[in-house]
Every structure is written in structure tokens, then in C-alpha cells.
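J.: the following comprises the amino acid sequence and a computationally predicted model.
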Number of protein chains: 2
Amino acid sequence: MEKGKKACTLLLGALRLMSMAATLSATIVTITSRERVIVFNFPVDAKYHYTPSLKFFAIANGIGSVYSLAVLFIPATKLRRLVVAFDVVITMLLTASASAALAVGHVARKGDSHAGWIPICGQVPKFCDHVLAALILGFCGVFIYMFLLLHAIHTFIKPILL
Amino acid sequence: MEKGKKACTLLLGALRLMSMAATLSATIVTITSRERVIVFNFPVDAKYHYTPSLKFFAIANGIGSVYSLAVLFIPATKLRRLVVAFDVVITMLLTASASAALAVGHVARKGDSHAGWIPICGQVPKFCDHVLAALILGFCGVFIYMFLLLHAIHTFIKPILL
């Protein structure tokens, strides 16, 4: 039983590390996304900070990675309630940022003919692929946090029935 | 003490009702958002289902309202753990949908000069105002769910320190 508990603690620590790796990579891949193309002899740059949703995505994942690292050094058993409450806030922040970036990324890839917004990924494919990779990493972070939250609820909240 | 517990249960029930009202109104306001304008003698329609993010927003809030209603009839004290776990999933769903709709709504209002996406709210102001109202209602739902989650964590998870 004691061994099982230790293995569980190790697994949770590994998940925190994975969430840190995912969110940190998402931030780095986003802020290094750039591409210069020549349109009608003029250089046109695609950079992440031109799009508010991508800026929000980079910042939120940056915060997520710092928090994931910090939790590893916090005596979680002593501040359990605070950690779970912060987990909720960070999960919502990561979800919001990944969702906003995905929504704008979808317009970039498919366009919106009704609004007259043309797809731009044909012109800046390298930039779009970079952002797509960042999005995949960001969603990995979201799902790891969702799992950590559901695990905490399963472990710490006792159903009255039992 | 018993009185305080009853008042708390009543308050939580009222919050569930408010979350149902907010998410249901968000769905109704979104799906009734439409505007027809004449551009160069041609009628142009703005409808919510032309935009995937708004479709997702309407569906997610519809699910949120049905869930909020259902929870009122579930013996929450008996299925406490399950309800809190579902609260996490619904909170994430509502957060993701509101955030995606806000991201696309921001492009609709401000445009994105770097991507060549023009703002469209000047042409369809009634449609944009409708969507803005739906977004405000959607975010009300998100914050009520966030509060419910944090309250559950505060109430049911005991810190080891105490």
C-alpha cells in the first residue's frame, strides 16, 4: 500500500514535469514562430505578436510552465487545497488561451468566406506549421492539467455514499 | 450552524439556476443573431452558423444549460465527487467556447491588418452587438462555474495542516 502511494506521488510529479515541458515548449515554439515572404517585391513578415490570441497563448503557457515548476517545490500535502484551487485557475487559463489560438489558427488555415477573410497559411506555411506544433503542445498541457484536476477530485473528495 | 448550511445550499442552488439562465440565454442570443445588409445591391447575411467558433459557443452553452438544470435534480450530496468532476469538464468546455468566440469576435471588431482581415462589425453592427451580448452572458456562466468549483474545493478538500 505504501509502495503504491509512493508510485502515485512519483507519477504525479512526472505529470507536473510533463505539463511544464509541454507549456514551456508551447511558449518557446510560439515566440520563435516567424516567417518572411516576398509579396509583389515587398517583404511581408508573419510574427506571433501581431495576433493578440497568439500573444495570450504564449503568455498563458509561460505562466503555466512557471506554475508547474513551482508546484514541484511546494509541499503539496500541506497546501493541498490551495494547489487544487490554483490548478483550476491555471487549467482555465490554458484552456482559454489554447482555444483562442485554435480559433484564430482555424481562420488562418481555412479563411472565412462570409467575412471575406482569406486563408493565409498558403503564403506563410512555415509559420502556420510552427503555430500548429505550439497548439498541439498547448493542448497536451491542457489535458495533463485536466487529468491532474480529476485525479485530485477523485482522491480528495469522498463521496458520502461510501 | 444548521441554518448556515441551509442558506449555503440555497445559495448554491441559486448559482446553478443563474448559470443555467446565463448559458441558456447565451445560446438563444447566439442562435438568434442574424443581420441582412445590402452590399452593392446584393443582400449579404450574417449568421452565427457561418462561423465555427460561434457554432461551438452555442452548442457548448446549450450543453452547459442542460447540465446546470440536471444537477439541480441530482442528489448532489450523494454523487458529490461525480458532480465536481463533471463541473470541471463543463467549466473547461464553457471556457474554451467563450474564449474561441471572443478571439474571432475580436477579429470581427478590430480586424487583423497583418493578415489582411478587415473588420466586419461596421457593416453588421446589430449582429456584432448580439454576439457581444451572448459573449457577456457566456462569460457570466464561466465565472459562476469557476466560483462553484473553487467553492467545492474549499468545502470538500481538507488541508492536512488543520
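T.: Looks like it arrived, so ask away.
J.: isn't residue A:146 right next to residue A:92, touching?
T.: No - using C-beta atoms under 8 Å, residue A:146 makes no contact with residue A:92, being 10.6 Å away. C-beta coordinates here come from the backbone N, C-alpha and C atoms, glycine included.
J.: what sits in contact with each of those two?
T.: residue B:92 (C-beta atoms under 8 Å, 6 or more residues apart in numbering or on different chains).
J.: who's more crowded, those two?
T.: Between residue A:146 and residue A:92, residue A:92 has the larger neighbour count (other C-beta atoms under 10 Å in any protein chain shown), namely 25 against 17.
J.: pLDDT averaged over the helix or strand containing residue A:148 - what is it?
T.: Per DSSP states H and E: residue A:148 is located in helix A:125-156. For helix A:125-156, the mean pLDDT works out to 95.
J.: what about chain A, any weak spots by pLDDT?
T.: A:1, A:76-77, A:159-162 (pLDDT under 70).
J.: which parts of it are helices?
T.: Secondary structure of chain A (DSSP state H): helices at A:2-31, A:52-72, A:80-110, A:125-156.
J.: tell me what the second one is packed against?
T.: Yep, that's helix A:52-72 we're talking about. helix A:2-31, helix A:80-110, helix A:125-156, helix B:80-110 (3 or more C-beta pairs under 8 Å, 6 or more residues apart in numbering or on different chains; DSSP states H and E).
J.: mind listing what's buried along the shortest one?
T.: When you say that, I think you mean helix A:2-31. A:12, A:15-16, A:19-31 (16 or more other C-beta atoms under 10 Å in any protein chain shown).
J.: out of those residues, the closest to residue A:59 would be?
T.: The shortest gap between residue A:59 and any of those belongs to residue A:27, at 8.1 Å (C-beta to C-beta).
J.: spatially central residue in chain A, please.
T.: Nearest residue to the geometric centre of chain A (C-alpha atoms, centre = their mean): residue A:138, 2.8 Å.
J.: which residues does that one contact?
T.: Counting by C-beta under 8 Å, 6+ apart, residue A:138 has contacts A:22, A:23, A:26, A:57, A:61, A:94, A:97, A:98, A:101.
J.: cool, residue A:145 as well?
T.: Counting by C-beta under 8 Å, 6+ apart, residue A:145 touches A:19, A:64, A:87, A:90, A:91, A:94.
J.: and of those residues, the nearest to chain B?
T.: residue A:91 (6.6 Å; C-beta to the nearest C-beta).
J.: wait, doesn't the closest one sit right on residue B:92?
T.: Yes - assessed by C-beta under 8 Å, residue A:91 is found in contact with residue B:92 at 6.6 Å.
J.: follow-up on the earlier one: looking at the helices and strands packed on helix A:52-72, which is closest to residue A:52?
T.: Here helix B:80-110 is closest among the helices and strands packed on helix A:52-72 (C-beta to C-beta), at 6.4 Å.
J.: tell me the buried residues in the closest one?
T.: In helix B:80-110, counting by 16+ other C-beta under 10 Å, buried: B:80-81, B:83-88, B:90-108.
J.: give me the subset of those touching chain A.
T.: Among these, proximity to chain A is found for B:80-81, B:84-85, B:88, B:91-92, B:95-104, B:106-108 (C-beta under 8 Å from any C-beta of the partner chain).
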